[in-house]
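Undergrad: here's my sequence, what's the structure:
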Amino acid sequence: MSNQTTTLTASLALRESRTPAPVQYNRSQAAPLPHAHAPMAPLGHAISDQIRDLPIREQISAILTDRARFLGEYPSRRVLSERIERLVTAYTELRAMGFQITDVTSFGLKHARALLENWKQRELSRKTIYNRWSTLRSWTLALNKHGMLGSIDEFWPDFSANVRDRTGGRQLTAQKLQERSDYLRAQRDKTHYFVDRLAREAGMVREDALQIELNAAHGIVQGYELLRCGHGGGAKVYKDMARHQVLFAEMVDFMQQRNRTSLCWTGLDIEDAVTKYKDRLVYVGRVLFPKNAEKTGQQGGEE
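TA: This is a model prediction of the structure:
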């Protein structure tokens, strides 16, 4: 028993020593610098040193695979391949813009800003830009650069304000919104139901709603007014949330039944979770409102 305890203690200590500490960013101070990111904590050092001389695609693959193992996730080969391809596309765009990147871990704020400006100039749809930005946010977490990239609204203030006009979306009637909400609530997995209501009634961004933690939800049920979502510099605080106590109480029960520490599906990163939510609303729209199927689910409360 003594030998087993010693071995277990040593194993835990070794794992803790290899776990990189998150790097927090002050984006307002970092932006003007030539290299707009803080030094990165090792992934650990071993994987960083081993992959630097590999092609960009192989570097990305190694980092995503290492992060998945660290988180205990097991994405399918298809899902992993799609994530890699999206990031390879981003680095290819950066090279075309004149950035000579040979080490993918050097990705910083100046690169993210350049990509966003390029997408705007090319007049990509806002849905496409949103998805690509979400990919970059997930990537910075894989690089251990926590808080470096916040919501796209922080970098493009009128993004959400004008998205409906630019995409041609039309508001669902109150009756249809209630019908959709009732349909989502009747399902075994009520995650979509809660995100939909939080987006419409509390004005929350979908990715923020998915990141609501159980303890934070408990606080709202107890009467707290402020709700904090996310971590580090990318965290966002929502005010006047106590008026949604009934909804949060229902959500707390659901999270406890599912043994979740946050509203997001276990094993999914935020990018994939938002995609899953949007795809579900598209499906629900086709079932309930077939005439408007092409527009359903692009934005909370829209067709």
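Undergrad: buried stuff in the helix or strand where E85 lies?
TA: Taking DSSP states H and E as the criterion, the element that holds E85 is helix 77-96. Of the residues in helix 77-96, 80, 83-84, 86-88, 90-91, 93-94 count as buried by neighbour count, 16 or more other CB atoms under 10 Å. C-beta here means a position set from N, CA and C on the backbone, and glycine is covered the same way.
Undergrad: what ranges does the stretch 201-303 of the chain have for its helices?
TA: Along the stretch 201-303 of the chain, counting by DSSP state H, counting those that start in this stretch, helices occupy 206-210, 214-221, 245-257, 270-288.
Undergrad: could you export the buried residues of helix 77-96 as CSV, including pLDDT and distance to Q175?
TA: Shown next, in CSV, are those (pLDDT from 0 to 100; distance: CB to CB, whole Å):
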residue, pLDDT, distance to Q175
L80, 83, 42
R83, 87, 39
I84, 91, 44
R86, 91, 38
L87, 94, 42
V88, 94, 45
A90, 94, 42
Y91, 95, 47
E93, 94, 44
L94, 95, 47
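Undergrad: with adjacent residues omitted, what lies nearest to T135?
TA: Sequence neighbours aside, R86 is the residue nearest to T135 in space, at 4.8 Å (criterion: CB to CB, 6 or more residues apart in numbering).
Undergrad: does that neighbour touch R132 like I think?
TA: Yes. If you go by CB atoms under 8 Å, R86 and R132 touch, sitting 7.2 Å apart.
Undergrad: what residues are up against the spatially most central residue of the chain?
TA: The structure's the chain has its C-alpha centroid closest to I270; by CA atoms, centre = their mean the separation is 3.1 Å. Residues near I270 by CB atoms under 8 Å, 6 or more residues apart in numbering: 134, 137-138, 207, 210-211, 264.
Undergrad: now flag whichever of the residues you listed is closest to G72.
TA: Minimum distance to G72 across these is 14.7 Å, recorded for C264 (CB to CB).
Undergrad: okay, the nearest residue to that closest one once chain neighbours are set aside: pLDDT?
TA: Nearest residue to C264, sequence neighbours excluded (CB to CB, 6+ apart): L210, at 4.3 Å. The model reports L210 with a pLDDT of 93.
Undergrad: so how far is G223 from L210?
TA: L210 sits 24 Å away from G223, going by CB to CB, to the nearest Å.
Undergrad: how many other residues sit next to the closest residue to R260 other than its chain neighbours?
TA: Spatially, and ignoring its direct neighbours in sequence, R260 is nearest to T266 (6.2 Å; CB to CB, 6+ apart). Number of residues near T266 (other CB atoms under 10 Å) recorded here: 11.
Undergrad: so what does T266 have for phi and psi?
TA: Here is the backbone geometry of T266 (degrees, to the nearest 10): phi -60, psi 130.
Undergrad: quick one: it and L64, what's the gap?
TA: To L64, T266 is 19 Å away according to CB to CB.
Undergrad: that older thread, quick check: the residue nearest to R260 vs R197, distance?
TA: As defined by CB to CB, T266 lies at a distance of 21 Å from R197.
Undergrad: where does the spatially closest residue to F99 that is not a sequence neighbour land on pLDDT?
TA: Nearest non-adjacent residue to F99, counting by CB to CB, 6+ apart: H111, 6.4 Å away. Among the per-residue scores, H111 shows a pLDDT of 95.
Undergrad: wait, E179 touches V287, no?
TA: No. Counting by CB under 8 Å, E179 does not reach V287; the two are 10.6 Å apart.
Undergrad: V205 - how many residues pack around it?
TA: V205 is flanked by 20 other residues according to other CB under 10 Å.
Undergrad: residues contacting it?
TA: Going by CB under 8 Å, 6+ apart, V205 touches 151, 153, 160, 199, 236.
Undergrad: ok, of the residues you listed, which one's closest to Y277?
TA: For the contacts of V205, the residue nearest Y277 by CB to CB is A199; the value is 9.4 Å.
Undergrad: the closest one sits in which helix or strand?
TA: Taking DSSP H and E as the criterion, A199 maps to helix 191-201.
Undergrad: now that helix: mean pLDDT?
TA: In this model, helix 191-201 has a mean pLDDT of 93.
Undergrad: pull the residues that contact it.
TA: 177, 180-181, 184-185, 187, 204-206, 209-210, 212, 244, 247, 250-251, 254, 263-265, 277, 280-281, 284, 300-301.
Undergrad: what subset of those residues is buried?
TA: 177, 180-181, 184, 204-206, 209-210, 212, 244, 247, 250-251, 254, 263-265, 277, 280-281, 284, 300.
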